[in-house]
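In: next comes the sequence, and after it the predicted model I'd like to discuss.
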Amino acid sequence: MKELLQELVPYLKTKDAMSYFVNRIDTAILELSSSDVTHLDNYFTLKEMGTLTKYIISFDDLKKLREELMQIPVITIKIAFRPSAYFESMLTDSILRAVKEFCVVQIVFDHHLLGGAVVDFKGRYRDYSVSGAINEWRRRKI
Amino acid sequence: MFDATYFDNMIRSVGEIGYVTETKFPIAVTNGLPGARLNEMVLFESGDLGYVFSLEPDSVQVAILNKHKIPVGTRVTRTNKKMSYSFNESNAGKVTNPLGEILVGDQSYDGEMIDLSMFVDIPPLISRRNVKDQLVTGITTIDLLIPIGQGQRELLIGDRRTGKRPVVLQICNNAAKAGIKVVFAAVGQNNADIHIVRKFFEDNGVFEHIHLVATSPLDSPCMIYCTPFSAMAIAEHYCRQGFNSLVIVEDLTTHAQFYREFSLVSGRLPGRESYPGDIFYTHAHLLERAGTFDFGDGKEVSLTCLPLLHSPEGDISTYIATNSIGITDGHLFFDKERYLRGVIPPIHIALSVTRAGKQTQPQILRDINRTVTTFLSEYEATKSFSSFGSEMSDSVKETMDKGDLITTFLRQNEPGGHSIIGDVILLSLIWNKLFVDNTLDAMKVVRISIDKNLQQLAPEMQVKILSIKNFNDLNKYITDNLDLVLQICELKK
């Protein structure tokens, strides 16, 4: 299962992609409702099938894959502007390279931050935003 | 309305966040919070409070303290603060919840707030001292026959509606008047009952010296669970200030039931009667915080604890009852049959136990205790035989008459406590057949007379009586000074 997850990394970089993938697994589990996994190509792309068919040989494998995917940690980045697709992709790649751990990225837009970013990963919360810095400065001044 | 910026500031300062992944009221399961510690308070973004109840490998179980359900996905953060009661001296005379929020009474407070940790380690053995002083309760049966020492844990066990609360309120009243700091924990009690307790203290003018920590059944079970721990934290605080304190927990059965409720919801394995496996530990950990201590300053302070317990149909062999009897230093058994016969307080002397109280009594009271207890058991046996209708000999008749008088002497259904010295003089008169009026009113008049006249007419008599070693010598002393005693009692020969 570990090898399968590593091969799925290029498809599952963001939380949206992950949710979409898990949704398709759910649909497959619901509709197939048997131990037959020969019709998985109705739910996944050819590229994905190329990876899945190597490791998914039973219905239980599919369920196990879903459980494993649900446990992948999510790194949430809150930024102050709505990013372009190119920027989002670049940011995701650079974060995944920096983290060096299997995780998915969720980018959230919050204009209250004014600038900078807020990072939340495995329960750790770090505020590098402009609004946070202003608040801190104000707190120290008062 | 909760200020959301407070939550954001808290996250920033703590640097940790979690999300609610599952709610099973009153338990919320959250992910994240990698630095969470057991019993640490947590804050939800809705403003609700909780505390860390259990730490799992990938999640944290949080006990919700408010009445609201927490939706899945709600953000939660730690507070770096253990579960604590926000204590202020001016909280006395008010009804507060286990967090120190004022429920009834003036919301203002003077001085600084002190956070008293609810769940602390019990004081070590090295700081414990012997129970030496008697807790004067004002209840004749208790003071003479089943004495309670200051620092003792005495369970009050009995069926519902057997007069446990009036006895406890009387004890609180007497203790507060004697300068003992009293903390009353009303665990999951109806608001009407809490009102009765408050009204009693207000009517007797002692509420300013009493902390009333209360929760109602409508509160979160986790909040109800914390009630006795808060009360104990307040009492411990007073002990460390050098005051003797008294904690009343009404009642342990309700406490155990609410703990069972949320423990089962959290998925812990149930044990006997579906109570969680650590119920004995929980109650022992609570009650072990009572005792007599020396915190290193050479001054001995006591923390007395009187938990109440319901025993359905007088059955004292239930799980919680046997546990509590095992943990405490004795118990007072309230008999429903006696209560229905009008014997108030309906304490069953033969079934009641005090393991540390007798050592606190003066020698004369110990001898009276032994003599009267033996006599009463003989009287009960004689009484059961007399019901067969056989003709009684003079000695049996004498025993019956004296037993009836002593039974009336031990009855006490009016508010206000009895003084020990008054009880001793009256008992001696009864024992010597110098007082034969078998009515409560006549005995009340004598008691009032003794309290009124003793200091004026014979100030040395109290010291003299308490220095006598045995009951026979006391009777001799009373008969030798009969004129003076009758003058004190305002009785005629």
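Out: Sure thing, it's come through. Numbers count the residues shown, from 1 in each chain, chains lettered A, B, ... in the order given.
In: show me what from the stretch 301-450 of chain B comes close to chain A.
Out: Within the stretch 301-450 of chain B, no position is near chain A by CB under 8 Å from any CB of the partner chain. C-betas here are computed from N, CA, C, even on glycine.
In: who's in contact with residue 55?
Out: Chain wasn't specified; assuming chain A. If you count contacts by CB atoms under 8 Å, 6 or more residues apart in numbering or on different chains, residue A:55 has them with A:1, A:3-4, A:61, A:65.
In: meant chain B, my bad for not saying
Out: Here residue B:55 is in contact with B:36, B:38, B:61 (CB under 8 Å, 6+ apart).
In: take the residues you listed and lay them out in a markdown table including distance to residue B:158 and secondary structure.
Out: Converted to a markdown table, the contacts of residue B:55 look like this (distance: CB to CB, whole Å; DSSP: H, G, I helix; E, B strand; the rest coil):
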| residue | distance to residue B:158 | secondary structure |
| --- | --- | --- |
| B:36 | 42 | coil |
| B:38 | 35 | coil |
| B:61 | 36 | strand |
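In: looking at chain A, which helix is longest?
Out: In chain A, taking DSSP state H as the definition, the longest helix is helix A:15-32.
In: run the angle between the following helix or strand past that helix and helix A:15-32 for me.
Out: Per DSSP states H and E, the first helix or strand lying C-terminal to helix A:15-32 is helix A:46-55. Interaxial angle of helix A:46-55 relative to helix A:15-32 (axes from the mean of the first three to the mean of the last three CA atoms, to 10 degrees): 60 degrees.
In: nearest spatial neighbour of the residue of chain A found nearest chain B, skipping sequence neighbours?
Out: Across chain A, no residue is closer to chain B than residue A:123, which sits at 3.0 Å (CB to the nearest CB). Using CB to CB, 6 or more residues apart in numbering or on different chains and skipping residues adjacent in sequence, the residue nearest residue A:123 is residue B:32, 3.0 Å away.
In: surely that neighbour touches residue B:19?
Out: Yes - between residue B:32 and residue B:19 there is a contact under CB atoms under 8 Å: 6.2 Å.
In: related to what we said a few turns ago, ok now the longest helix of chain A, how far from the chain's centre?
Out: Centre-to-centre, helix A:15-32 and its host chain are 13 Å apart (CA atoms, centre = their mean, to the nearest Å).
In: likewise for stretch B:99-113?
Out: 24 Å.
In: what mean pLDDT does that stretch get?
Out: Average pLDDT, stretch B:99-113: 86.
In: you'd agree residue B:485 is up against residue B:432?
Out: No - using CB under 8 Å, residue B:485 makes no contact with residue B:432, being 10.2 Å away.
In: wait, what's in contact with residue 15?
Out: I'll assume chain A. Residues counted as contacts of residue A:15 (CB under 8 Å, 6+ apart) are A:74, A:104-106.
In: my bad, the chain I had in mind was chain B
Out: Contacts for residue B:15 (CB under 8 Å, 6+ apart) come out as A:124-126.
In: domain parsing for chain A?
Out: Here the domain parsing of chain A from automatic domain parsing is A:2-70, A:74-141.
In: mean pLDDT and distance to residue B:138 added to the ones you listed, as JSON lines?
Out: As requested, those are arranged in JSON lines below (pLDDT from 0 to 100; distance: least, CB to CB, whole Å):
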{"stretch": "domain A:2-70", "mean pLDDT": "82", "distance to residue B:138": "64"}
{"stretch": "domain A:74-141", "mean pLDDT": "90", "distance to residue B:138": "55"}
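In: identify all contacting residues around whichever strand or helix holds residue B:367.
Out: Secondary structure assignment for residue B:367, by DSSP H and E: helix B:363-386. Outside helix B:363-386, the residues within contact range by CB under 8 Å, 6+ apart are B:144-145, B:147, B:349-350, B:358, B:361, B:392, B:396, B:399-400, B:402-403, B:406-407, B:420, B:424, B:427, B:465-471, B:474.
In: now do the buried residues in the helix or strand hosting residue A:96.
Out: If you go by DSSP H and E, residue A:96 is part of helix A:85-99. If you call a residue buried by 16 or more other CB atoms under 10 Å in any protein chain shown, then helix A:85-99 has these buried ones: A:88, A:91-92, A:95-96.
In: what sits closest to residue B:418 if chain neighbours are left out?
Out: residue B:140 (5.0 Å).
In: residues near the one you found, how many?
Out: 23 (other CB atoms under 10 Å in any protein chain shown).
In: tell me how far residue B:449 lies from chain A.
Out: For residue B:449, the distance to chain A equals 68 Å [CB to the nearest CB, to the nearest Å].
In: again with residue B:401
Out: Using CB to the nearest CB, residue B:401 is found at 77 Å from chain A.
In: got a list of what residue 40 touches?
Out: As the question left the chain open, I've gone with chain A. By CB under 8 Å, 6+ apart, residue A:40 lies in contact with A:28, A:49, A:52-53, A:56, A:62.
In: that's the wrong chain, I wanted chain B
Out: Going by CB under 8 Å, 6+ apart, residue B:40 touches B:51-52, B:78-83.
In: hey, what's it bridged with?
Out: As for beta bridges, residue B:40 partners with residue B:82 under DSSP bridges.
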